Structures are given as C-alpha cells and as structure tokens.
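> Structure of the sequence below:
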Amino acid sequence: MFSTTIQAVCTALKPIERIPRPAGDNDGDPINSDTVFPYLSIVHQQQVRYAEELLYDYTRTPDGQPNRRAINTLIRNGYPASLGPSQDDYDLLLGRVHVGDWEIDISDHLGQGYD
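The predicted structure is shown next:
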C-alpha cells in the first residue's frame, strides 16, 4: 500500500505559495473554495487538486481519524495545520493547512463546491 510522505506533500505545496489570488471578493477564502478555485488557471487548479488530495490522505489515519503525527509534522515543516471533529457533527472532520498567503481546506467535504 502506498503511503503519502511529508516530502511528497511539501513538494506539492511549494507551487501553491506562488499562485496569485484572482480578482474578486475572496480575501481569506481557501484556495480550493468555490469563490477562488474556478477562477484559477487550469495548471493552478491541477496543482491545488493534487496538493489537496495528498493532504487529505496524509492527515488521516487508515480509519479516517486525524493523524496527529502528520499534522505536527506539517507544522514543523512550516505549514500550520489543524484537523478535528466539527462541533455540530463529530463524524465530520474540519481542517485547514496554511500555505504562504493561502489556506487549503482539508475538511471531509473534499471536492465539493467546484466540480
């Protein structure tokens, strides 16, 4: 079974830092939100999706729980991150990873909103 490494995640996150924010009222919105993602170039969208998929896999244990070791490793590598249960639904994980001026939403609703 393939296991995502911190090196793979960091390599995928580096290009995200250089993606310019599209025009519009999206200040503070995650790069993979429906207010930002559709307005990125195709290349930038592919970079974001790839990083998002790696982060989603990396930050969860095989049984779908937050991987605290992985979250701490992201933080130690300069990517502040959080992932934990929603206050409204403990079966739903909410989280974000900071990448430069951007945030990537790594919540359980991965992939919704811009497909």
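
> Please make it C-alpha for all contacts and neighbour counts, starting now.
OK.

> Residue ranges in the chain under the pLDDT threshold?
Counting by pLDDT under 70, the chain shows low-confidence ranges at 1-2, 110-115.

> Name the next helix or strand downstream of the strand ranked longest in the chain, please.
Secondary structure of the chain read by DSSP state E shows that its longest strand is strand 93-99. Note on strand 93-99: by DSSP states H and E, the next helix or strand toward the C-terminus is strand 102-105.

> could you say what helices and strands the longest strand of the chain packs with?
Counting contacts by 3 or more Cα pairs under 8 Å, 6 or more residues apart in numbering; DSSP states H and E, strand 93-99 is packed against strand 81-85, strand 102-105.

> what's the first one packed up against?
The one in question is strand 81-85. Contacts defined by 3+ Cα pairs under 8 Å, 6+ apart place strand 81-85 against helix 68-76, strand 93-99.

> How about the last one?
If you count contacts as 3+ Cα pairs under 8 Å, 6+ apart, strand 102-105 packs onto strand 93-99.

> and the strand it packs on, which residues are buried?
L93, L94, G95, R96, V97, H98, V99 (16 or more other Cα atoms under 10 Å).

> strands paired with that strand, and their directions?
Looking at strand 93-99 with DSSP bridges, its partner strands are strand 81-85 (antiparallel), strand 102-105 (antiparallel).

> what's near enough to touch the residue nearest in space to the middle of the chain?
What sits nearest the mean C-alpha location of the chain, by Cα atoms, centre = their mean, is I104, with 3.4 Å. By Cα atoms under 8 Å, 6 or more residues apart in numbering, I104 lies in contact with P30, I31, N32, E52, R96, V97, H98.

> closest to T73 among the residues you listed?
Among the contacts of I104, V97 lies closest to T73 (Cα to Cα), at 11.9 Å.
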